[in-house]
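Undergrad: Any chance you could fold what I've pasted below:
(3 chains)
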Amino acid sequence: MVQVTSAMPIAKMIGSTRVILGHGIVNVTGDPTLSPEEEKKLRCQLVQQALAALESEEKI
Amino acid sequence: MRIVHYVNQFFGGVGGEEAAGSPLEERAGAVGPGLLFEQMMGEGAEIVTTLICGDNHAVEHQDEVVASVVDKVKKARAELFVAGPCFEAGRYGMAAGAICAAVQSELGIPVVTGMSEENPGTDLYRESLYIIDSGRQTAEMRGVMVKMADLSKKMMNNEKIGSPSEEGYLIRGLIRDEFVEQTAGRRLVDMLLAKVKGEPFESEMVSTFFEPIFMSVAVKDISNAKVMVITDGGLVPKGNPDNIEGMAATRWGTYNLEGLDDLKSEDYEISHGGYDPKFVQEDPHRLVPLDALRELEKEGAIGELHNEFISTSGLGNPLSNTRRMGKEMVEKVKEEGVDAVILTST
Amino acid sequence: MQLTLARHPVTEINFGDKTRLDGTSLLVDAEELRALLLADDRLQSVDLETVRAGENCRVGPVFDIIEPRAKEPGSSPDFPGILNTPATAGMGTTHVLDGAAVTVLIEGSVADTEGRVGRVLEMSGPAGEWSPYSSLQHFIVAPHARPELATHIKLNATRRAGMKAVVYLAQAAMGETSAETTTFDAVGPMVEGREGLPRVAYVGQIFSRQRSPEIDEKVIYGANTNGMMPLLLHPDEWLDGAIVPSYTLSLGGAETYFYQNHPVITDLYRRHEAGELSFVGTVATIAGSDNEDRDRNCQAAANLAKWSLKPDAAVLTKFGGGVPHSDMAITANLLEGAGIRTAVMVSDMAKDRRIESALLFNFPDVDAIVYCGGVDTIWKVPRAERVVAGHPDLTEALAMSQEIGAASIVGILNQQGATRLRAVIY
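TA: Predicted structure coming up:
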């Protein structure tokens, strides 16, 4: 499992093993300040990052 | 005041390790350490029955012994039940803990026992019982009995039970509200001044430690994996069909993604009281990145996106509750043959 | 910079022909005040009531409670940034109606988690006796904004109405001789003659970015905190109207009254004057919305305290819900790393009453923690003889005998430090 979150201190504190930094507490996988196209691009990148973490044997 | 006391074969005078298999027996009046306890309890207190059981017998036939003790305590019309102290005797502590917990919950009378911090009975029963810290030295019997008797009297009189350090019991790991004389602001400055001057101070909250989370094995080939999304951000279909609570949620839901390439704002709502939901409401992909995952699915970057996502709301939720829901979700994920999970957390 | 509080005790509030202070009795010309408040055309009406200390009365939903205060001409302005230009607060003389409060109501709860009646002012009974507000004389202001307006505009109008009422009432004390005058001793990083005393700073959160503030949400000098970095404030700025709570109810509660009578700041002042410590100043900060926001703010707050105030020790409080505990703890940890000893105030959130669930933070050096309770304190309150409701539809819901938790009674929980309800680990 990989966790995508902006509340990184909490994820780290409880010892979550694969954590990707989200884009904000109120929009974890998005950014309302971007155009829809750019926002989707950002989201794809974030998801790809998460997928890469799932393939990792190391803590992230 | 009618008291029943439970001791093991050693303190009951039956014998040492060779008598550890002796069954539960009942004697009238106080025996061994009970005599001391009775004396500490003062005028009007009487140990009407002493129950003695061998340590091995008690642990090997725990259910039977517990039921039998509860029955005998009830028949003795006891108003107080006392067990031990057990010091660091593990089997004695486990038996005494199980018996005390049962007497307390089934008969509703005050129950007191004593053990050392290291006794395995302490770990098992500290939360449900008041366990006086007996230390490991049986030579301290007298001091331990004083504390057990003092606590018993308070419980009998329905008096307020003080802190572990005041009463001498092992910290139970529970929290309760209490009104105190000084405001929080004043206590804060008091504590700081003590700390900066190097004087002793007592923090009102202990640091929290967590059981380690084990690293799951890596997904070998994500392009062949079945991926699922779970979120604790509270995204649910319009109308919140499973009534997932916005705070301290006790429920979680599974929601269909079959045939969907994107999530429409008008089909969803957010049940979560801990963050401003307007951005996710505007575009649910900001929490559940379905559009991105579908694209990656088409490109072959992932094998398959599981056609459901799981949602609950993670706010002000006790661990006992989230742990249960987590276990339930794991069952579901396994059932569906999912290889990898992306959890989005607000 | 020096603030003088001219205290005028008030023991009763009544309506009268002319607004004036007659001894310790405050008389209020309701028509004049109503006209003043309705000059804001966002409001279509306003209800005004008085409630006596200890009266068998329940009031709600409470938006804010404010101590009636008015600045003498020539001093810094009343509520700078809200009622006046954002000039530095805390200078000159402030007239205080001691023992009085203006309680501002809204028409419904703004926090869906706390039920329809929101937070209530309980003036008597088993719960009321624990609230510091039940022993005050209350003047109730219930503004009714035009229904077609957006919620944040209604709340903005409500905030302004409360502030205007407070100033209007306290102006009655202008020209009257005060019973007591408090002038605070000079504090700050450069105050001399305090060698050997521990230098203590206060680092307090005033907002949490768990919610984005409304565009017109006045939190500090009229700003909504967007883009705000931590900033240095003189303690008197907190006490004299520079900061008000957010529109949204926060876990643990915060009211303007306890900025004006800030429990931490007033205690630091008291000990400063008693020669127990040297109060070197304060930093106002916010809890971030994401990691970068959090990192920037925590570092800036810690650095600001360290370089500008040179404290030996600091007390920290948080604002809002659970996540801000992280921001507070990270800031405290940074201070500890710089050799500055800390103590922090947290709210209990463990609903199952087990330490294991009391998840907040885990830094070995952040080990001096004041633990505020509230999770399992619930009273069965009797039917109230009298009710003052922000909306008539809420009257019965407020009046009835009900079970009510500590978090729903204003003044019982308070993350500014006024609460006496402690979470005890046993």
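
Undergrad: part of a strand, is C:Q44?
TA: Yes - checked against DSSP: H, G, I helix; E, B strand; the rest coil, C:Q44 lies within a strand.

Undergrad: Pull the contacting residues for it.
TA: The contact partners of C:Q44, taken as CB atoms under 8 Å, 6 or more residues apart in numbering or on different chains, are C:L38, C:H144, C:A145, C:R146. In short, each C-beta sits where N, CA and C put it, glycine included.

Undergrad: from the stretch 1-150 of chain B, which residue is nearest to chain C?
TA: Residue of the stretch 1-150 of chain B nearest chain C, by CB to the nearest CB: B:E127 (7.3 Å).

Undergrad: now that residue: how far from B:A58?
TA: 21 Å (CB to CB, to the nearest Å).

Undergrad: So for these two, which residue has more residues nearby?
TA: Neighbours around B:E127 and B:A58, counted as other CB atoms under 10 Å in any protein chain shown, are more numerous at B:A58. The numbers are 29 against 16.

Undergrad: Check what pLDDT that one gets.
TA: We have a pLDDT of 92 for B:A58.

Undergrad: quick revisit: and the residue of the stretch 1-150 of chain B closest to chain C, what does it touch?
TA: Applying CB under 8 Å, 6+ apart, the residues near B:E127 are B:R172, B:G173, B:L174, C:R354.

Undergrad: and the gap between it and C:I355?
TA: For B:E127, the distance to C:I355 - CB to CB - is 9 Å.

Undergrad: what's the overlap in contacts for those two?
TA: In contact with both B:E127 and C:I355: B:G173, B:L174, using CB under 8 Å, 6+ apart.

Undergrad: what helix or strand is the residue nearest to B:A30 when sequence neighbours are not counted on?
TA: Leaving aside its chain neighbours, B:A30 sits nearest to B:I47 (3.9 Å; criterion: CB to CB, 6 or more residues apart in numbering or on different chains). Taking DSSP states H and E as the criterion, the element that holds B:I47 is strand B:46-53.

Undergrad: cool, C:T94 as well?
TA: strand C:92-98.

Undergrad: Which residues of chain A lie near chain C?
TA: By CB under 8 Å from any CB of the partner chain, the residues of chain A that approach chain C are A:6-10, A:13-14, A:21-26.

Undergrad: Need the pLDDT of the residue nearest to B:A30.
TA: pLDDT, read off for B:I47, is 97.

Undergrad: tell me how far the strand holding B:I47 is from the chain's mean position?
TA: 31 Å (CA atoms, centre = their mean, to the nearest Å).

Undergrad: how close does the residue of chain A found nearest chain B sit to A:K40?
TA: Minimum separation of chain A from chain B (CB to the nearest CB) falls at A:G30, amounting to 3.1 Å. Using CB to CB, A:G30 is found at 9 Å from A:K40.

Undergrad: Tell me how far C:D348 lies from C:N414.
TA: 14 Å.

Undergrad: Revised request: answer the last question for A:G22.
TA: If you go by CB to CB, the gap between A:G22 and C:N414 works out to 32 Å.

Undergrad: do C:K351 as well
TA: 20 Å.

Undergrad: Those two: which is more packed in?
TA: C:N414 (26 against 18).

Undergrad: Can you name the residues that contact the more buried one?
TA: B:A184, C:G252, C:G253, C:A254, C:E255, C:F258, C:P263.

Undergrad: which phi and psi does it have?
TA: phi -160, psi 120 (degrees, to the nearest 10).

Undergrad: circling back: of the contacts of C:Q44, just say which sits nearest to B:K334.
TA: Nearest to B:K334 among the contacts of C:Q44, counting by CB to CB, is C:A145 at 53.6 Å.

Undergrad: mind checking the SS state of B:A67?
TA: Under three-state DSSP, B:A67 comes out as helix.

Undergrad: How is chain C partitioned into domains?
TA: C:3-181+C:380-387+C:395-401, C:185-378+C:404-408 (automatic domain parsing).

Undergrad: end to end, how far does the first one reach?
TA: Put plainly, it is domain C:3-181+C:380-387+C:395-401. Terminal residues of domain C:3-181+C:380-387+C:395-401 lie 45 Å apart, using CA to CA, to the nearest Å.

Undergrad: Can you give me every residue that contacts residue 40?
TA: Because you didn't say which chain, this covers chain A. A:K40 touches B:H285, B:D291, B:A292, counting by CB under 8 Å, 6+ apart.

Undergrad: Switch to chain C, please.
TA: Contacts of C:D40 by CB under 8 Å, 6+ apart are C:A157, C:R160, C:A161.

Undergrad: Not counting its neighbours along the chain, what's nearest the first one?
TA: Of all residues beyond its chain neighbours, the one nearest C:A157 is C:R42 (4.1 Å), with distances taken as CB to CB, 6+ apart.

Undergrad: and the one you found, how many neighbours does it have?
TA: What C:R42 shows, counting by other CB under 10 Å, is a neighbour count of 16.

Undergrad: What of B:M40?
TA: Using other CB under 10 Å, B:M40 is surrounded by 17 other residues.

Undergrad: and whatever residue of chain B ends up closest to chain C, what pLDDT?
TA: As assessed by CB to the nearest CB, chain C sits closest to B:G185 within chain B, at 2.6 Å. Per-residue pLDDT puts B:G185 at 98.

Undergrad: related to what we said a few turns ago, closest one to chain A out of the contacts of A:K40, please.
TA: Out of the contacts of A:K40, the member with the shortest distance to chain A (by CB to the nearest CB) is B:A292, at 4.3 Å.

Undergrad: what's that closest one in contact with, if anything?
TA: B:A292 neighbours (CB under 8 Å, 6+ apart): A:T29, A:K40, A:R43, A:C44, A:L46, A:V47, B:H285.

Undergrad: Among the residues you listed, name the ones in helices.
TA: A:K40, A:R43, A:C44, A:L46, A:V47 (DSSP state H).
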